[in-house]
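Colleague: I'd like to go over a predicted model; first the sequence, then the structure.
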Amino acid sequence: MPACVELKDVTVVYPSGVTALSNIDLTIDEGEFAFLVGPTGHGKSTLLKLLYREELPARGRVFVSGWEVPRISASRVAHLRRRVGVVFQEFRLLPRTAWESVAFGLHATGRSYREVLRRVPDALSEVGLLDKADHHPSALSAGEQQSLAVARVLAMRPPLILADEPTGNLDPASSRHIMQLLERANREGATVLVATHDPAIVNAMRRRVIVLHHGRIVQDEPEGGYPDDLGRA
Amino acid sequence: MPACVELKDVTVVYPSGVTALSNIDLTIDEGEFAFLVGPTGHGKSTLLKLLYREELPARGRVFVSGWEVPRISASRVAHLRRRVGVVFQEFRLLPRTAWESVAFGLHATGRSYREVLRRVPDALSEVGLLDKADHHPSALSAGEQQSLAVARVLAMRPPLILADEPTGNLDPASSRHIMQLLERANREGATVLVATHDPAIVNAMRRRVIVLHHGRIVQDEPEGGYPDDLGRA
Amino acid sequence: MILAALDFICRETVLHLKRERLIAIATVSTVAVLLIVLGSIVLFLADLKTWTGWMTDQLEVCGFFAKDTTREDALKTVDPISAWSEVESVRFVTKEEGWERQKRDYPSIARLEDAIDNPLPDAVQLKIRDPEQSARVAKRLEQVPGIEAVRWGGSLAQSLVRFNRAVNWSGLVVSLLVAVAGILIVHNTVRLALHSRRREVYIMQLVGATRALIAAPFLLEGMLHGLLGAALACCLLVPVHMYLRDLAARSFFPLTPDSALLPFALYLLLAGAVLGFTGSVFSVRRYLRHKPEWHG
Amino acid sequence: MILAALDFICRETVLHLKRERLIAIATVSTVAVLLIVLGSIVLFLADLKTWTGWMTDQLEVCGFFAKDTTREDALKTVDPISAWSEVESVRFVTKEEGWERQKRDYPSIARLEDAIDNPLPDAVQLKIRDPEQSARVAKRLEQVPGIEAVRWGGSLAQSLVRFNRAVNWSGLVVSLLVAVAGILIVHNTVRLALHSRRREVYIMQLVGATRALIAAPFLLEGMLHGLLGAALACCLLVPVHMYLRDLAARSFFPLTPDSALLPFALYLLLAGAVLGFTGSVFSVRRYLRHKPEWHG
Ligand SMILES: Nc1ncnc2c1ncn2[C@@H]1O[C@H](COP(=O)(O)OP(=O)(O)OP(=O)(O)O)[C@@H](O)[C@H]1O
Ligand SMILES: Nc1ncnc2c1ncn2[C@@H]1O[C@H](COP(=O)(O)OP(=O)(O)OP(=O)(O)O)[C@@H](O)[C@H]1O
Ligand SMILES: [Mg+2]
Ligand SMILES: [Mg+2]
């Protein structure tokens, strides 16, 4: 299996001087499903942001499906991002109806109308939002907004899915359902990386677990559970 | 104990036609600590929004510490809101540093500088953000933002605290810590109402649990746990 | 592929136009108000120029032949007069030509055409090399046989000529100033409008839309807002000026003719579109590079 | 309590002013640009009025006494002339007064004061009831004993008088139009600026700040932006006009005197402050009642 994500000795320093990640070495193969866990503020989101080029590393190299991410020219960033579907921790929904939100990405990447008309309702119904297709995000509950953010990514069927705390506003049953959808996308070929704080999910699924602590990888198990001490020990 | 929150046959209908709450009767006494649980999109946030007058009921009466909330004149709403501290599900932080965010509410309610200078660092250090006091929200991780939203409320010491999913972006240990802070506020006299999806917290604390399902209260136990079926049965 | 993109851009533009009425209202009304001001200034200056032109024209010394002078006799006087040293040029104006000119300049006269006969005599128009010599030329013209009356400018001549020059010059400066002002203000407005949508622009980029695809609807939107504003300005300025002109013409006070208003309106529309479009271009470029705060 | 609130408001205002440079730049530059345009128009119209006033003043028939006429003899002519039926009024202008007036109107002359002696004779100024009779009055004045030279307007008199009236009238209209335009545009700008801060205003309300406390810093901010914009406009307009005036004065072409520029600048500052303040008042009121979208 070729590597889908590869970080080589990566360090990220924010302008405020905070070192969010130090000397990260990490490889995620194509088709893998991995969890990223760690205490609040210890670098999970920062690691994901590197992969879709929202942040740039101070040192080290970042590769995604063979592209060296920090070196991509501004005009080609869009092409990278079409191959990386992100469920943002803050949702980042457009001020449009649920339907339009999902359709936007598809249209923007040049899919035909026929395809859009097929995929949007599929994605919405998978997360249980078909009856709210004409709701603006502000007329959705937080959990519904989060589900919409997931639907937007699933509809695009990207080869790499990054999900940053995708179940933080969902009840346990809905959380399990969303994780099943991500697992299905994984079975269908997508590489999936999920940052989460939910021990129930991590423990139930028994997948690779990468533990971040103070910006370093302190643990990386192939079929791990949610660590009790989160590397604090 | 006099009632702090009282809902009488309350129904909320959104402009889109969605009935978010139907015929809610609920009393929460002063000094109580209660959880509000239920599936995603079943009305928890809507119920909290009634209490600080972000939404108005279609029918029924809403009382908070003796004020009839929907009837308060626009100019007096500020006085209600000073007595109701809210941890919003979307955080709703001002574009200011953590310090300024906490200080704003204190200044706006006319506290003396001495008091502000004492309370702000106390509140920030309680949630572990004192070293990030000069960070803007966009330079904080999601969990840190959520902790800041809690600190803002704790610093105000309001008689009624409403927390809408206050631990959705926090790791289990931090979540427990935040809940301890809310419990302490409760011991010091505040009435606390927490909407949450986290079974671990609800089960650990054994407090009153109110279960919402499709906008109705389907269960209300004095020392309950997180229901497995969430009223879906 | 390109067709799909065009279709997408058009749909997005419609979406943009429908959403956030505030921004549409603010942009359109700013452009409209601005073009009304610019337009009024341009028209005012054009009128001023027409007027001072007319005044300096009046500085020509004009000799009217007596009704009983035959055209033949009248024409004979032209050559000798041309030879006078103070005279730059002489034009013979037949009474028919004079009448046509009057009717062209004053529509209210044209309307009376059927009712009255041409009251004008034949005439000669003398352009004087130096307006200060007008008086002398006028006296000399009175002596020419066949000439019945002489009209000439008088002693304010020099001041008027200077004033005319000053108006031309300051007109240019004011128009330029006002055009620069317009660009700046519309630019500010569009930029603020985009500022309030900065997160949207950023999210679109995160979702994988190319910059061109994101920008296009904003540019079209800006252009349409500009056009709409300009159209509003035209709808106000053109009829008002036509009315004023007619009013002024009735008291033989010439303003810019109506025929100049069509190109004026077209230029105004063009200006609106260009203002809206360029304003958007600069702003969108800025916000495509910008990472917004997510709070507040 | 009130002191604490004032202190809070001031601190908040400073915070506002420091944050979001874009909004400050946009508002200040819009106000500045706008006031520069308004200011130029007002000054231009004032100049035009000064000029036409000067021109119609020139329509007075002016008789200059010979240098050897004593002031006594000269004064004796005033009463008989006043009795002429065509004459509305007569003013006797001593040569000292005339010189003072020249120096007031033309600073470049004032600077020469030491170098040259007063070259003016005593004079009488006649206001004529009907400018068309100027020629006749001028001829009659020439006959008066002691009068050496006569200056008078000429045949453009009537047009000029009419023109003067038109300029006064259109000046009023243009100023009004432009003032309304200014209010609208600044209002739009402030509204858009607030639009991009709508969430902030809303959150402040949720946290329990009173409307007055939220609004006050925005109003102060708007006022300061307006003042700053007006100050920029003054810094540009006043020196430029002083320079132009001096330039024009050198060719004896009168513009609005410098002494009028101080009140002009003060009005400009006032206008800026009022524009910024009222723009903010309306916008803040709107956004205090507004529930923002949280997305995009
Ligand atoms: N402004 C609105 N306009 C229309 N419908 C709304 C609006 N806000 C919420 N709703 C709908 O009302 C219902 C209840 O929403 P609410 O936010 O109260 O749910 P919740 O229990 O807080 O969910 P979550 O656990 O996801 O936070 C949902 O179905 C939602 O779609
Ligand atoms: N834009 C920024 N500027 C400065 N510091 C930042 C910025 N973004 C994040 N940080 C800091 O970097 C560290 C890592 O943040 P990150 O968002 O990666 O944490 P996280 O693991 O995702 O936390 P959470 O579980 O709360 O989402 C934190 O200490 C945070 O304060
Ligand atoms: Mg994070
Ligand atoms: Mg909710």
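Modeller: Received it, and whenever you're ready, just let me know what you need. Because the structure is a prediction, the values reported are computed rather than measured. Ligands and ions are numbered 1, 2, ... in the order given.

Colleague: and the pLDDT for the residue most central in space within chain A?
Modeller: For chain A, the residue nearest the mean C-alpha position is A:Leu162 (1.8 Å; CA atoms, centre = their mean). We have a pLDDT of 98 for A:Leu162.

Colleague: so what touches the helix or strand containing it?
Modeller: Per DSSP states H and E: A:Leu162 is located in strand A:160-164. Applying CB atoms under 8 Å, 6 or more residues apart in numbering or on different chains, the contact partners of strand A:160-164 are A:4-5, A:44-45, A:48, A:51-52, A:64-65, A:83-89, A:150, A:153, A:182, A:185-186, A:190-196. (Glycine included, C-beta is placed from N, CA and C.)

Colleague: what about chain B: which of these touch it?
Modeller: A:Ser45, A:Gln89 (CB under 8 Å from any CB of the partner chain).

Colleague: so which residues of the chain form strands?
Modeller: This is for chain A. With DSSP state E, the ranges of strands along chain A come out as A:3-13, A:19-29, A:33-37, A:59-64, A:67-68, A:84-87, A:160-164, A:191-195, A:208-213, A:216-221.

Colleague: I was thinking of chain C, sorry if that wasn't clear
Modeller: Under DSSP E, chain C gives strands at C:61-65, C:87-93, C:123-128, C:147-151.

Colleague: chain B: which of the ones you listed is closest?
Modeller: Comparison of the strands of chain C against chain B by CB to the nearest CB identifies strand C:123-128 as nearest, at 70.3 Å.

Colleague: who in chain C is up against chain A?
Modeller: Within reach of chain A by CB under 8 Å from any CB, chain C has these residues: C:1, C:4-5, C:8, C:11, C:15, C:19, C:199-200, C:203-211, C:213, C:294.

Colleague: show the buried residues in these.
Modeller: Buried by 16 or more other CB atoms under 10 Å in any protein chain shown: C:5, C:8, C:19, C:199-200, C:203-211, C:213, C:294, out of these.

Colleague: and A:Phe33, what is it in contact with?
Modeller: By CB under 8 Å, 6+ apart, the contact list for A:Phe33 reads A:Leu182, A:Glu183, A:Asn186, A:Thr191, A:Val192, A:Val194, A:Met205, A:Arg207, A:Arg208.

Colleague: and the gap between the third one and A:Gly105?
Modeller: Pointing back at A:Asn186 there. Using CB to CB, to the nearest Å, A:Asn186 is found at 20 Å from A:Gly105.

Colleague: between these two, which one's more packed in?
Modeller: More crowded of A:Asn186 and A:Gly105, by other CB atoms under 10 Å in any protein chain shown: A:Gly105, with 24 against 18.

Colleague: so that one touches A:Met156, yeah?
Modeller: Yes. Using CB atoms under 8 Å, A:Gly105 is in contact with A:Met156, at 5.2 Å.

Colleague: could you list the single helix or strand in chain C with the lowest mean pLDDT?
Modeller: Every helix and strand of chain C was ranked by mean pLDDT, DSSP states H and E. The lowest is helix C:107-110, at a mean of 52.

Colleague: how about the helices in the stretch 151-296 of chain C?
Modeller: C:157-195, C:198-206, C:211-250, C:261-288 (DSSP state H, counting those that start in this stretch).

Colleague: on that earlier part again, which neighbours does the strand holding A:Leu162 have in its sheet, and in what orientation?
Modeller: strand A:84-87 (parallel), strand A:191-195 (parallel) (DSSP bridges).

Colleague: next, the contact list for A:Gly128, please.
Modeller: A:Ser147, A:Ser174, A:His177.

Colleague: quickly note the distance from A:Ala151 to ligand 2.
Modeller: 22 Å (CB to the nearest ligand atom, to the nearest Å).

Colleague: chain C contacts on chain A?
Modeller: Checking chain A against chain C by CB under 8 Å from any CB, the hits are A:52, A:54, A:74-75, A:77-79, A:81-82, A:86, A:88, A:90, A:92-96, A:100, A:104-105, A:107-110, A:112-113, A:152, A:156.

Colleague: which among the residues you listed count as buried?
Modeller: Applying 16+ other CB under 10 Å to the residues of chain A next to chain C flags A:52, A:54, A:77-78, A:81-82, A:86, A:88, A:90, A:92-96, A:100, A:104-105, A:107-109, A:152, A:156 as buried.

Colleague: show me chain C divided up by domain.
Modeller: Using automatic domain parsing, the domain parsing of chain C gives C:2-55+C:159-288, C:60-152.

Colleague: for the ones you listed, which one ends up most surrounded?
Modeller: Comparing the domains of chain C by mean neighbour count (mean count of other CB atoms under 10 Å in any protein chain shown), domain C:2-55+C:159-288 comes out on top with a mean of 19.

Colleague: hmm, C:Ala32 is touching C:Ala233, no?
Modeller: Yes. Under the criterion of CB under 8 Å, C:Ala32 makes contact with C:Ala233 at 5.1 Å.

Colleague: how far does stretch A:123-140 sit from the chain's center?
Modeller: 20 Å (CA atoms, centre = their mean, to the nearest Å).

Colleague: again, but for stretch A:27-37
Modeller: 11 Å.

Colleague: how about that stretch as PDB, C-alpha atoms only?
Modeller: Presented in PDB, the C-alpha positions along stretch A:27-37 are these (Å, rounded to 0.1, in the frame of the first residue of the first chain):
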ATOM      1  CA  THR A  27       2.600   7.700   7.800                       C
ATOM      2  CA  ILE A  28      -0.900   6.700   7.000                       C
ATOM      3  CA  ASP A  29      -1.400   4.300   4.200                       C
ATOM      4  CA  GLU A  30      -4.000   4.500   1.500                       C
ATOM      5  CA  GLY A  31      -7.200   2.800   2.700                       C
ATOM      6  CA  GLU A  32      -6.400   3.100   6.400                       C
ATOM      7  CA  PHE A  33      -8.800   4.200   9.100                       C
ATOM      8  CA  ALA A  34      -7.100   6.000  12.000                       C
ATOM      9  CA  PHE A  35      -8.100   7.900  15.200                       C
ATOM     10  CA  LEU A  36      -6.200  10.900  16.400                       C
ATOM     11  CA  VAL A  37      -6.700  11.500  20.100                       C
END
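
Colleague: and the pLDDT for C:Lys103?
Modeller: 67.

Colleague: where along chain A do the helices fall?
Modeller: All helices of chain A, identified by DSSP state H, fall at A:44-51, A:77-82, A:98-108, A:113-126, A:142-156, A:172-187, A:199-205.
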